[in-house]
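Engineer: next come a sequence and a model predicted from it.
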Amino acid sequence: MQPDRTSSLGANSTSSRQPRGSSSLLWVAVCATVALAACSSAPKAPSGSASRGGGYYKDDGPPANPPANLDLVPDPLPAVEPLASGANRPYVIFGKRYVPDTSMQPYKVRGIASWYGRKFHGARTSNGEIYDMYAMTAAHTTLPIPSYARVTRVATGKSVIVRVNDRGPFHSDRIIDLSYTAAHKLGLLAQGSGEVVVELLQPEEIARIRAERGNAPMLASAPAVTQAAADGNAPEVVALPVTVQAPASQMRELPPLAQANPAPPANPGPAAVAANPPQPSGVQVPASAAAPVAVLPQSGIFLQVGAFSGQRNAEDLLARLKSQLGDWAEPLRIVNTDSLHRVHIGPYPTRESAQAAAQRLQARMDIAPVIVVR
């Protein structure tokens with residue numbers, strides 16, 4: 001494991017902004033990789049990275065020629081993303097042990113925010129991404145990576161949404177490090193830090209925000225099967241307890257069960273209209289014989305019992321569920337999104353009712369579903 005790199009807190013002699021704290025303090029930050037071979041006691045510092053001090057530490061600061069339109073940079077569209085395990089394992093910095101919380105429990109904390117800028121622009125973040133000081137991102141010691149948080153400046157009430165993709169700040173009086181642009185939009189660049197409220201966005205609120213912005217689908221979930229590379233350095237992806245929201249246009253509703261020997265209609269009508277499901281070539285179904293297709297809810301809280309790259313596997317699981325859960329109250333369906341075929345049950349009115357259903361399903365079929373929000 002590479003040695004930790006330290007940087008002293010102090011003013012940048014090339015900038016007019018006042019320093020954020022005493023120059024006698026030391027601060028260590030280690031950018032964790034998502035490699036499976038990362039050190040077990042602390043995130044491994046990628047090659048070429050430096051310990052991040054956050055807003056206006058020694059040798060850090062604003063860019064020489066920042067873009068003029070940073071106010072127009074939009075907040076990221078939040079989504080439920082797969083967790084990068086390399087950035088979510090416990091680690092030790094300065095003798096203090098940090099345990100990232102991936103439970104997605106409500107988190108709302110008031111404290112001091114700082115920012116980090118040009119010194120780390122282009123360096124690796126804790127999950128192996130490239131730090132872009134002009135993006136709306138942030139570093140936090142324990143929030144899931146990646147996740148989304150709302151940061152509200154106490155003095156003004158101004159709020160932004162940031163994507164958490166890095167670890168830090170490892171400073172006792174700071175709770176979050178913001179990217180240069182996020183700090184700019186909150187008006188924190190001049191003093192280097194300020195009091196904020198940090199709130200982790202929950203899946204239900206993420207779904208609401210996406211609906212308000214006119215984007216129904218949520219970001220892709222983890223692959224159905226993840227396999228490490230032969231050299232052991234491939235990132236391991238761990239699914240969140242909740243996963244993705246499927247676009248309504250890609251949801252395939254299950255047709256009603258067909259009769260074994262349907263009786264011919266007494267008075268055949270004209271050919272089925274276009275609204276009816278298409279029939280195989282050469283087969284004409286009288287309109288009076290066509291059963292209405294139930295319109296299933298396309299949003300809400302569901303149980304996901306499987307995700308497959310092949311349609312046949314999803315259909316096999318669906319058939320198994322239907323044969324063993326004939327008395328199950330909620331509908332079963334296949335949702336096709338992000339090149340995966342997902343088997344869903346629901347919707348449920350509340351997360352509690354979905355959790356209760358998941359426990360019943362696990363008891364009956366030894367299947368451990370996850371809760372999804374669409």
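Structural biologist: All right, it came through fine.
Engineer: which stretches of this protein have low pLDDT?
Structural biologist: 1-61, 64, 215-298 (pLDDT under 70).
Engineer: which residue ranges of it form helices?
Structural biologist: Ranges of helices in the chain, per DSSP state H, are 180-186, 203-212, 311-324, 351-365.
Engineer: most neighbours per residue, which of those?
Structural biologist: Highest mean neighbour count among these (mean count of other Cβ atoms under 10 Å): helix 180-186, with a mean of 26. For the C-beta atoms, the positions are set from N, CA and C on the backbone; glycine is no exception.
Engineer: now for that one, which elements pack on it?
Structural biologist: If you count contacts as 3 or more Cβ pairs under 8 Å, 6 or more residues apart in numbering; DSSP states H and E, helix 180-186 packs onto strand 108-116, strand 147-153, strand 159-166.
Engineer: re the thing from before, and the helices of the chain as TSV, adding distance to Val335?
Structural biologist: Below are the helices of the chain laid out as TSV (distance: least, Cβ to Cβ, whole Å):
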stretch	distance to Val335
helix 180-186	34
helix 203-212	15
helix 311-324	9
helix 351-365	16
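Engineer: so which of these is nearest Val197?
Structural biologist: helix 180-186 (11.4 Å; Cβ to Cβ).
Engineer: outside of that closest one, which residues touch it?
Structural biologist: Residues from elsewhere that reach helix 180-186 (Cβ atoms under 8 Å, 6 or more residues apart in numbering): 55, 62-63, 66, 70-71, 73, 113, 115-118, 121, 133-138, 151, 153, 156, 158, 160, 162, 178, 189, 194, 196.
Engineer: could you flag which of those are buried?
Structural biologist: Among the contacts of helix 180-186, those scoring as buried are 55, 62, 66, 73, 113, 115-118, 121, 133-138, 151, 153, 160, 162, 178, 189, 194, 196 (criterion: 16 or more other Cβ atoms under 10 Å).
Engineer: wait, Phe94 sits on Phe170?
Structural biologist: Yes - if you go by Cβ atoms under 8 Å, Phe94 and Phe170 touch, sitting 6.3 Å apart.
Engineer: looking at those two, which has the bigger crowd around it?
Structural biologist: The neighbour comparison of Phe94 against Phe170 (other Cβ atoms under 10 Å) goes to Phe170, with 22 against 12.
Engineer: distance of that one from Ala139?
Structural biologist: Distance check for Phe170 against Ala139: by Cβ to Cβ, to the nearest Å, it reads 10 Å.
Engineer: how about Leu340?
Structural biologist: Distance of Leu340 to Ala139, computed by Cβ to Cβ: 31 Å.
Engineer: and if you look at Asp338?
Structural biologist: Applying Cβ to Cβ, the value for Asp338 to Ala139 is 28 Å.
Engineer: the more surrounded of the two?
Structural biologist: Ala139 (30 against 17).
Engineer: what segments of the stretch 251-374 of the chain are strands?
Structural biologist: With strands called from DSSP state E, counting those that start in this stretch, the stretch 251-374 of the chain shows them at 251-252, 301-308, 332-337, 340-348, 370-373.
Engineer: pipe these into CSV and attach distance to Ala207 and mean neighbour count per row.
Structural biologist: Below are the strands of the stretch 251-374 of the chain laid out as CSV (distance: least, Cβ to Cβ, whole Å; neighbours: other Cβ atoms under 10 Å):
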stretch, distance to Ala207, mean neighbour count
strand 251-252, 15, 16
strand 301-308, 9, 23
strand 332-337, 14, 20
strand 340-348, 12, 23
strand 370-373, 5, 22
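Engineer: of these, which is nearest Arg89?
Structural biologist: Of those, nearest to Arg89 by Cβ to Cβ is strand 370-373, at 20.8 Å.
Engineer: what about Ala87, how many neighbours?
Structural biologist: There are 27 residues near Ala87, going by other Cβ under 10 Å.
Engineer: can you tell me how far it is from Ala356?
Structural biologist: 32 Å.
Engineer: His341 now?
Structural biologist: For His341, the distance to Ala356 - Cβ to Cβ - is 26 Å.
Engineer: do Glu195 as well
Structural biologist: With Cβ to Cβ as the criterion, Glu195 and Ala356 are 41 Å apart.
Engineer: now Gly122. Nearest residue, chain neighbours left out?
Structural biologist: With sequence-adjacent residues excluded and distances taken as Cβ to Cβ, 6 or more residues apart in numbering, Gly122 is closest to Ile130, at 6.1 Å.
Engineer: can you tell me who the one you found pairs with across the strands?
Structural biologist: Arg124 (DSSP bridges).
Engineer: please apply the same query to Ile301.
Structural biologist: Legend: beta-bridge partners of Ile301 under DSSP bridges are Tyr348, Val373.
Engineer: also Tyr98?
Structural biologist: Tyr91.
Engineer: how many other residues sit next to it?
Structural biologist: Count around Tyr98 with other Cβ under 10 Å applied: 16.
Engineer: quick one: it from Arg167, how far?
Structural biologist: Tyr98 is 8 Å from Arg167, by Cβ to Cβ.
Engineer: again, but for Ala138
Structural biologist: 11 Å.
Engineer: next up, the contacts around the closest residue to Val154 other than its chain neighbours.
Structural biologist: Spatial nearest neighbour of Val154, excluding adjacent residues (Cβ to Cβ, 6+ apart): Glu195 at 4.3 Å. Applying Cβ under 8 Å, 6+ apart, we find Glu195 in contact with Arg110, Gly111, Ile112, Ala113, Arg153, Val154, Ala155.
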